[in-house]
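got a structure for you, letters missing:
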């Protein structure tokens with residue numbers, strides 16, 4: 001093999017290694033930049049609390065975003081009416097956490113004494129993260145999703161001297177804990193909770209999307 005041909009092979013190999021190294025560096029920089037962009041991304045979350053009941057009440061107006069979910073609920077759960085009890089809108093950093101507590105309005109629709117009593121609620125997510133699956137579909141993963149509510153329940157009654165019978169109301173806790181993943185911008189039913197002898201139920205619906213800056 002001639003010296004010129006050997007030099008050409010060596011130079012070609014060196015050029016190939018240099019190009020491969022540059023490509024690796026470019027790919028690494030692109031991946032790092034993507035990671036930084038995802039770290040700086042905020043997510044808008046919406047938690048909808050629906051109350052499902054068989055009581056004779058009028059359905060309240062529900063958000064258009066829940067049309068498909070409510071249609072599915074009507075075919076799978078034996079409730080006559082659905083109303084929106086609360087909508088919680090929050091912004092959280094990608095790979096961040098969320099925790100809030102609030103006093104809500106009455107959840108019972110039976111017309112009992114407890115129908116005028118407030119509820120005490122807590123919502124928490126340990127980690128909210130935007131990820132992708134094999135089909136390049138963006139998912140929002142929520143680890144340590146937790147919702148709890150303390151609702152009023154009549155446990156007994158007392159009779160005051162020369163007075164009417166007065167109910168004794170205690171607050172009992174109910175809730176759920178789970179890990180979920182959902183498609184970005186698509187509402188999903190997280191779970192249902194029974195809220196007392198009336199047979200009513202709370203239905204938790206969650207939606208999350210990339211925040212618009």
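Looks like it arrived, so ask away. As the structure is a computational prediction, the values presented were derived from the model and not from experiment.

From residue 167, how far off is residue 202?
According to C-beta to C-beta, to the nearest Å, residue 202 stands 22 Å off from residue 167. Where C-beta positions appear, they are placed from N, C-alpha and C, glycine not excepted.

Comparing the two, which residue is more hemmed in?
More crowded of residue 202 and residue 167, by other C-beta atoms under 10 Å: residue 202, with 24 against 14.

Which helix or strand contains the more buried one?
strand 201-210 (DSSP states H and E).

what is the rounded mean pLDDT of whichever strand in the chain runs longest?
Ranked by number of residues, the top strand in the chain under DSSP state E is strand 138-159. What strand 138-159 shows for mean pLDDT is 89.

Now do the buried residues in it.
Buried residues in strand 138-159, counting neighbours by 16 or more other C-beta atoms under 10 Å, are found at 139-142, 145, 147-153.

and it, what other elements does it pack with?
Helices and strands touching strand 138-159, as assessed by 3 or more C-beta pairs under 8 Å, 6 or more residues apart in numbering; DSSP states H and E, comprise strand 119-132, strand 165-183, strand 188-194, strand 201-210.

What strands flank it, and is each parallel or antiparallel?
Strand 138-159 pairs in its sheet with strand 119-132 (antiparallel), strand 165-183 (antiparallel), by DSSP bridges.

any idea of the angle the first one forms with strand 201-210?
Interaxial angle of strand 119-132 relative to strand 201-210 (axes from the mean of the first three to the mean of the last three C-alpha atoms, to 10 degrees): 40 degrees.

follow-up on the earlier one: determine the set of other helices and strands touching the strand holding residue 202.
So strand 201-210, by 3+ C-beta pairs under 8 Å, 6+ apart, packs with strand 42-53, strand 138-159, strand 165-183, strand 188-194.

Tell me the strands beside that strand, with direction?
Under the rule (DSSP bridges), strand 201-210 has strand 42-53 (antiparallel), strand 188-194 (antiparallel) as partners.

which stretches of the protein have low pLDDT?
Applying pLDDT under 70 to the chain flags residues 1-14, 16-39, 57-60, 109-114, 133-135, 159-163.

number of nearby residues for residue 75?
Residues lying near residue 75 (other C-beta under 10 Å) number 6.

for it, helix, strand, or coil?
Using DSSP: H, G, I helix; E, B strand; the rest coil as the criterion, the local structure at residue 75 reads helix.

distance of it from residue 69?
In terms of C-beta to C-beta, residue 75 sits 11 Å off from residue 69.

With residue 194 instead?
19 Å.

When these two are compared, which one has more neighbours?
Higher neighbour count among residue 194 and residue 69: residue 69, with 21 against 12, using other C-beta under 10 Å.

Check which helix or strand residue 68 maps to.
helix 67-76.

could you say what helices and strands that helix packs with?
strand 42-53, strand 81-93, strand 188-194.

so which of those strands gets nearest residue 213?
Proximity to residue 213 (C-beta to C-beta) singles out strand 42-53 among the helices and strands packed on helix 67-76, at 7.7 Å.

Let's see the distance spanning stretch 182-191 from one end to the other.
With C-alpha to C-alpha, to the nearest Å applied, stretch 182-191 spans 13 Å between its terminal residues.

just stretch 193-210 next, same as before
So stretch 193-210: terminal residues 28 Å apart, C-alpha to C-alpha.

According to the record, where do the domains of the protein fall?
Listed domain ranges for the chain are 1-40, 41-210 (source: automatic domain parsing).

Many thanks, we can stop here.
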